[in-house]
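# model the following, please.
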Amino acid sequence: MKFKFLTKEQLIISLDRLTRFKPTKDKYFRVFSDIILSNLLEPVYKKSDLLNMHAAELTSISEKIINSSLEELIPRPTGEGLGEGIINSILKEYENSVFINDEDTQSYLNNKINYNLFITLIDESSPINLRWLKALSELRLSLQYDDITICHSEPNINLGRRISKTNILKSLRYENGYKFPIEKVLLVEGITEEILLPVFSRYLGYDFYKEGIQILAAGGKNQVVKMYYKLIEELKIPIFVLLDRDAEDNINQIKPKLRDIDKIHLVSCGEFEDLLPKSLIIKTLNNELTNFASVTEADFNPELSSAENLDNIFKIKGLHEFKKAEFAKLVKDSVSEDSDISPEIASIIMEIGL
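Numbering: from 1, shown residues only. Down below sits the predicted model:
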């Protein structure tokens, strides 16, 4: 087998993609296929060949290229063998606890990638999933046991008691805001919820990253149904579905497939933007309009939705076109007091945490 080494940048990108919240089989196949197609010189494979190749062979070729590239790039530290394979084992356990994985996928997860070398490429500027991986590496010797006694070398965990591996991982996540391991998916319609719910939640003392909440925006109520159908075929963890008021028909499509561990919340009126306090919307607009215009309650037509009012205000005040995503980012920077969070938004966040 003849190949060219992966660069440091390629290695980091590959590791990032392998540890994101994506279905296990999909992400491993994509990363391993890309490595083989771009770096394997002999033998030569086409993408169609890889589609028919067994996962174990894909894994064997890819881990050889990855590990050789790591060894070329990074000198082996003294005692590098200590805890070898523990991170691989932890990642395998985690992927199997979150995703429904078939036998073929286990071949990907049984890889012998040298994570002890890999984590030396990770620093504080790395994506959060990689920083979590590095934290696991620092605890790898303790994490080889299901129950361990905490010792002084392990940060952020109370000393002098026995603790399970699961609780160590949760404690690491909570203390550092790593988000991983992910324990629940929040499925929403659009970008406004995706941007603002974590902000409101954090203000109320329930941090999505610390609690292991993954938020996914489907791009509309019909897409929520399609995505829910897909997710229940892939995930073992709970899904919380949040829908706008006009999505009752969509809820009826979901209910026959709703698992016992999942929940649905239908907002009480209109869409998510209608749950934003008017005072917060006005504050946000006035922060943006400073020095050339202002907005008051008189600018709002009670017969229209918040989105319709905002569209009109943006036109009348000479602003650019109203776009939900851009406005949500402005609102995000304006949240500063209890009155910025409506009772229903607070209730939704409480439900998510149950």
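# pLDDT of the helix ranked longest in the chain, averaged?
What stands out as the longest helix in the chain, according to DSSP state H, is helix 55-73. The average pLDDT for helix 55-73 rounds to 96.
# mind listing what's buried in the next helix or strand after that helix?
The helix or strand immediately downstream of helix 55-73 is helix 86-98, counting by DSSP states H and E. For helix 86-98, the neighbour count (16 or more other CB atoms under 10 Å) marks I86, I87, N88, I90, L91, K92, E93, Y94, E95, V98 as buried. From N, CA and C alone the C-beta is placed, and that goes for glycine too.
# could you do stretch 283-303 as well?
Within stretch 283-303, the residues scored as buried using 16+ other CB under 10 Å are K283, T284, L285, E288, V295, F300.
# what of stretch 170-187?
170-173, 176, 178-187.
# report the two of these separated the most.
Spatial extent of these (CB to CB) is set by the pair S171 and L187 at 26.9 Å.
# and the contacts of stretch 312-332?
Outside stretch 312-332, the residues that touch it by CB atoms under 8 Å, 6 or more residues apart in numbering are 190-192, 195-196, 199, 273, 276, 280-281, 284-285, 287-289, 293, 295, 299-301, 304, 307, 310-311.
# one more pass at 7 Å, please.
Outside stretch 312-332, the residues within contact range by CB atoms under 7 Å, 6 or more residues apart in numbering are 190-192, 195-196, 199, 276, 280, 284-285, 288-289, 293, 295, 299, 310-311.
# per the record, what domains does the chain have?
As recorded under automatic domain parsing, the domains making up the chain are 2-176, 182-354.
# comparing those by mean pLDDT, which bottoms out?
When I compare these, domain 2-176 is least confident, with a mean of 85.
# buried stuff in the one helix or strand Q106 maps to?
In this structure, Q106 sits in helix 103-109 according to DSSP H and E. Neighbour counts using 16+ other CB under 10 Å place T105, Q106, S107, Y108, L109 of helix 103-109 among the buried residues.
# name the element H265 belongs to?
Counting by DSSP H and E, H265 is found in strand 263-266.
# same for the next helix or strand after that strand, what does it pack against?
Remark: after strand 263-266, the chain's next helix or strand is helix 278-288, criterion DSSP H and E. Other elements packing on helix 278-288 under the criterion 3 or more CB pairs under 7 Å, 6 or more residues apart in numbering; DSSP states H and E are helix 324-332.
# and the angle from the helix it packs on to helix 278-288?
100 degrees (axes from the mean of the first three to the mean of the last three CA atoms, to 10 degrees).
# next, count neighbours for P43.
Applying other CB atoms under 10 Å, we find 10 residues neighbouring P43.
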